[in-house]
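**Student:** Need coordinates for the following:
(2 chains)
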2 protein chains.
Amino acid sequence: MDKILRINMGAEGGPKLIEDPLGDYEGLGGRAMTSAVVLKEVPADCHPLGEENKFVIAPGMLSGTLGAQTGRISVGCKSPLTGGIKEANSGGQAAQVLARLGYAAIILEGKPADGSCYKIVINKDGVSISEDKSLAGLGNYAVVEKVKAEYGDKVATISIGPAGEMKMGAASVAFSDMEMRPTRHAGRGGVGAVMGAKGVKLIVLDDEGMPRRQAKDVEAFKDANKRFVAGLNSHPVTSQGLPAFGTNVLVNVVNEAGGFPTRNFKTGRFEGASKISGETMAEQTAARGGVVTRGCHKGCVIRCSGDYTGPDGKWLTKQPEYETVWAHGANCGIDDLDVIAQLDRIDDDLGLDTIEMGNAIAVAMDAGLAEFGDGEAALKLMDEVAKGTALGRIIGNGAGAVGKMFGVENVPVVKNQSLPAYDPRAVQGIGVTYATSTQGGDHTAGYAVATNLMKVGGDVDPLKPEGNVELSRNLQIATASIDASGMCLFIAFAIMDQPETFQALLDMINAHYGYSWTADDWAEFGMQILRNEREFNKAAGFTNLDDRLPKYFKKLPLAPHNITFQVTDAELDSVFNF
Amino acid sequence: MDKILRINMGAEGGPKLIEDPLGDYEGLGGRAMTSAVVLKEVPADCHPLGEENKFVIAPGMLSGTLGAQTGRISVGCKSPLTGGIKEANSGGQAAQVLARLGYAAIILEGKPADGSCYKIVINKDGVSISEDKSLAGLGNYAVVEKVKAEYGDKVATISIGPAGEMKMGAASVAFSDMEMRPTRHAGRGGVGAVMGAKGVKLIVLDDEGMPRRQAKDVEAFKDANKRFVAGLNSHPVTSQGLPAFGTNVLVNVVNEAGGFPTRNFKTGRFEGASKISGETMAEQTAARGGVVTRGCHKGCVIRCSGDYTGPDGKWLTKQPEYETVWAHGANCGIDDLDVIAQLDRIDDDLGLDTIEMGNAIAVAMDAGLAEFGDGEAALKLMDEVAKGTALGRIIGNGAGAVGKMFGVENVPVVKNQSLPAYDPRAVQGIGVTYATSTQGGDHTAGYAVATNLMKVGGDVDPLKPEGNVELSRNLQIATASIDASGMCLFIAFAIMDQPETFQALLDMINAHYGYSWTADDWAEFGMQILRNEREFNKAAGFTNLDDRLPKYFKKLPLAPHNITFQVTDAELDSVFNF
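**Tutor:** Predicted coordinates for the structure are as follows:
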């Protein structure tokens, strides 16, 4: 990870490659890298689909090492959905492979002719880029099949589906998993549309013959990693809940807490919750002969994923995440797991953010385009997206677009990005994160649900404003650092509750880089990432008015607690007081 | 004009009427009234289609008097198109009639049940409001026919078409003209959608039995009005150009100047200009037996309008304005006046802003949905709007929406409102107005074209930045005052060139209200309106970054002058330095 690969996609005579030294970006990875590059190199007032925007892919600081959970990769750009800075990250194989190929970042620049369809191949011998029109319009699954036929099944892929080619605001970037399926996505903010605007359909990464990254102090790194893994293996969430039931273990938890947004955020409990819960899904998968527990990348010890096996006993899609089950399920009034799994598969294939799509369909249902609960209608709407019809363009541009085009007043977006699977009225800490995150409506940016509902890292009442600003602030800072490290966010459960596991993480970074970071350094690192992102957003025209939930969350009480969002605007404005 | 009619459309048990004294709004009219009410009473962060927004209709300060040109009426609200404050004004009969009925404003508040379709009737006996489902979905022409059958042809109407009912961002509010046709529109910013959100389809105004408004000093008013009319009758633009050829006299002027945006602002000259010019249209109208010169309201002495007579010799629509001919013509590469007139008629009937629609169709053409120059395709797109299909919803929400849904990069909007018929690169003064107006892309807010191209009120080079900020600033201030007075903006040609005509205008105001306003008071009045509007927009989240043209106007040179927009951001930020 000692160089940056820049490709000017708009160069005369075709794409032009440059390998740059790290320079100012030395020591950065993941979100720290993408946000630094976007802040420094992208004019904040540029058009997200224009030549001035840049598309940055960066493995984490520890990706490519032998460290556990280091398989996260960040995608950064100016977001076509929010108009602000975007870092969307993903699991899958690419982070480890790209890091071992020696690249701290790939930066796509400029703008090629409309309709360009390039493939980039990187292996130990170098980088090649070529037009491949045969890929145009293909779904991610078909793309990966072609890659397997040509390059075998040991490579990693980064690709966009038709949604990215059509430059939809909900378009994702797909990353292949250990089974070489395109099931892992940098989902949010329309990053796939920016890759599409750069004319790149596919990146193939092959690290055969490349060594694992070595720490400066190999023994200290090994020792720290061992302690770190032991910590993950001893925390109940990372060692039991997540492996057994996946993230979808949350359906029952959040529904019980009354914060499970149902039918476009109208109530906080879904009568069909038990039919779509993680427990039900695991039981069904086992009964249908599927594998219940898998990891998404080499080196994962949590293994929160698994198969989703269809009624025919065949693999249909990866185990849909909790947020996906919620978005396509409860939020649309749908209680049929097989329908939800089909929608998840379609999202992965077209290259779409499941959270944005579930919200878009729910708002469309509110607009009268379909009935809540009608799974067939939801599938038909996805077919419109696949075909790129006018209606499909609207849905594929997200919930905000659906609301505007059809005159719906109550649309759950912040910075035009859809809110995820926790109602901010019943889980007020996550509401603070939704409102103030640099990323728009986002749960991963500061997952206060952990402390509000699962009592990890403390106990802050989810129904009262007290303590939730501080909680969200601290989590947003810590998350920025985690997103830079290349670590899976789920390590947070263990490092929040177990000081020795947090110390093990710091020790890994220190051993690898020769640092002597303390907890304060780790926090300062996260704060600097957030400062960078806030600076970009301010230059892009954001004000504190953009750090607000839609007003109706303060006016319409949510059943069963009959509560509104209680955190004041002044409190929201104090989140970034560092 | 000594009272305000408020109707709470969301009151329990149905709409509730209140007559308020003027209070703080004493002495205000037109834009001064609407912007004061919106600033004071509408929370800037509200949803434009929600219960907190208000829909304000206000005749001008001198409307309803015997003064010439006093027939303008203002419509104000928070705009669903721009998200900022909106004042859209219109000619037609309503200003005079509403003023004589004694109302300085009608304010629609609250939010009724979805699908409400109310009719409000105001006459000398009072105000009545009732549901009339038979009006639902009707075009403005059908609405007016029903009104004629029930109330005769001496009343004035204010109505919305299906676009307003569908809450489209380009929806207008229609006002009947002297022939009782719905040809006059408060077109911009989606004001029709807000009237639609208030559930009001139609307002019928009947001033039978009501006296003309009397000035405090009747004789002084008569004398001033006489001098004012003499001034209008002596200026070449208001006495010759506008009556003979209508506003469309500008096609040849602007095309010659190289500032006639063609095919979505790609070049500054249209090869088909002579086929759609005002001269050609007037000749054709005369040959087809139509009336070439008409006014739009009683008391108009300029009479810039006329008939558009179809190939069958029958009245088809009013003489389309220059901006309409440009938007549906050159900007879409269409050189067929009969097609343009049909599009104008459809816009009036559906209740849509012709500028926004022409731009939306041009951007759709750029997106590949139709070929430039294909009039039939443009008519088909309008049919989609009429039917409210998904594609129609996109088009009906304006050029910005089309660009976003179809991933088009170069979209000519400021604050999401489409730019009118003068390219800001070749007419840089109007570029300053487009960028900085509180209203979004708007030519009427500070019509620098007059001085840049027609050399009215001075001579400022249209191709250089020098002097254009000052020009736009002064015009924006003067225009705000004119828009408050109820005067038609075209008086500006005469009052800019003829000090005695400007004095006559001040004398009319002073005689009517018992004021002793000087030119400074007039300017201060305009500045206060702009300050109010800026204050609202700031509270709605606008920053100086919203006071910018789309970046491509600074990067892509416009033929034939091969010039970009030259005014710096710092200069733009100095426009409101008062």
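**Student:** part of a strand, is A:Val56?
**Tutor:** Yes. Applying DSSP: H, G, I helix; E, B strand; the rest coil, one finds A:Val56 inside a strand.
**Student:** which parts of the stretch 51-200 of chain A sit against chain B?
**Tutor:** Taking CB under 8 Å from any CB of the partner chain, the part of the stretch 51-200 of chain A that reaches chain B is made up of A:166-169, A:193, A:197. Using the backbone N, CA and C atoms, a C-beta is placed for each residue, glycine as well.
**Student:** where does the stretch 101-250 of chain A dip in pLDDT?
**Tutor:** For the stretch 101-250 of chain A, no stretch is flagged by pLDDT under 70.
**Student:** what about the strands in it?
**Tutor:** Taking DSSP state E, counting those that start in this stretch as the criterion, the stretch 101-250 of chain A carries its strands at A:103-109, A:118-123, A:126-131, A:156-159, A:173-175, A:184-186, A:200-205.
**Student:** among those, which is the most enclosed?
**Tutor:** strand A:173-175 (a mean of 33; mean count of other CB atoms under 10 Å in any protein chain shown).
**Student:** so where's the stretch 251-400 of chain A uncertain?
**Tutor:** Using pLDDT under 70, the stretch 251-400 of chain A has no residue that qualifies.
**Student:** now the helices for it?
**Tutor:** Secondary structure of the stretch 251-400 of chain A (DSSP state H, counting those that start in this stretch): helices at A:278-287, A:322-328, A:337-350, A:354-366, A:375-387, A:390-396, A:399-406.
**Student:** Would you mind saying which of the ones you listed lies nearest chain B?
**Tutor:** Minimum separation from chain B across the helices of the stretch 251-400 of chain A (CB to the nearest CB) falls at helix A:390-396, 3.5 Å.
**Student:** Tell me if the closest one is near chain B.
**Tutor:** Yes. Counting by CB under 8 Å from any CB, chain B has neighbours in helix A:390-396: A:390-391, A:393-394.
**Student:** residues near the residue of the stretch 51-200 of chain A found nearest chain B, how many?
**Tutor:** Proximity of the stretch 51-200 of chain A to chain B (CB to the nearest CB) peaks at A:Lys167, 3.3 Å away. The burial count assigned to A:Lys167 is 27, neighbours taken as other CB atoms under 10 Å in any protein chain shown.
**Student:** ditto for the one 5 residues further on
**Tutor:** Here the count is done by other CB under 10 Å, and A:Ser172 has 35 residues near it.
**Student:** same check, this time on the one 4 residues further on
**Tutor:** Burial measure for A:Ser176: 29 neighbouring residues, criterion other CB under 10 Å.
**Student:** circling back: between the strands of the stretch 101-250 of chain A, which one is closest to B:Lys555.
**Tutor:** B:Lys555 sits nearest to strand A:103-109 of all the strands of the stretch 101-250 of chain A, at 16.3 Å, using CB to CB.
**Student:** Measure how that closest one sits relative to strand A:126-131, angle-wise.
**Tutor:** Angle, strand A:103-109 to strand A:126-131, by axes from the mean of the first three to the mean of the last three CA atoms, to 10 degrees: 30 degrees.
**Student:** what's the angle from strand A:103-109 to strand A:118-123?
**Tutor:** Angle, strand A:103-109 to strand A:118-123, by the same axes, to 10 degrees: 160 degrees.
**Student:** Out of the residues of helix A:390-396 next to chain B, give me the one that has the most neighbours.
**Tutor:** Neighbour counts for the residues of helix A:390-396 next to chain B (other CB under 10 Å) peak at A:Ile394, which has 32 neighbours.
**Student:** does A:Gln417 have beta-bridge partners, and which?
**Tutor:** In this structure, A:Gln417 bridges to A:Val414 when assessed by DSSP bridges.
**Student:** Kindly report the residues of chain A close to chain B.
**Tutor:** Proximity of chain A to chain B (CB under 8 Å from any CB) is limited to residues A:45-47, A:49-50, A:166-169, A:193, A:197, A:384, A:389-391, A:393-394, A:397, A:401, A:404-407, A:409, A:540-541, A:543, A:545-546, A:548, A:550-552.
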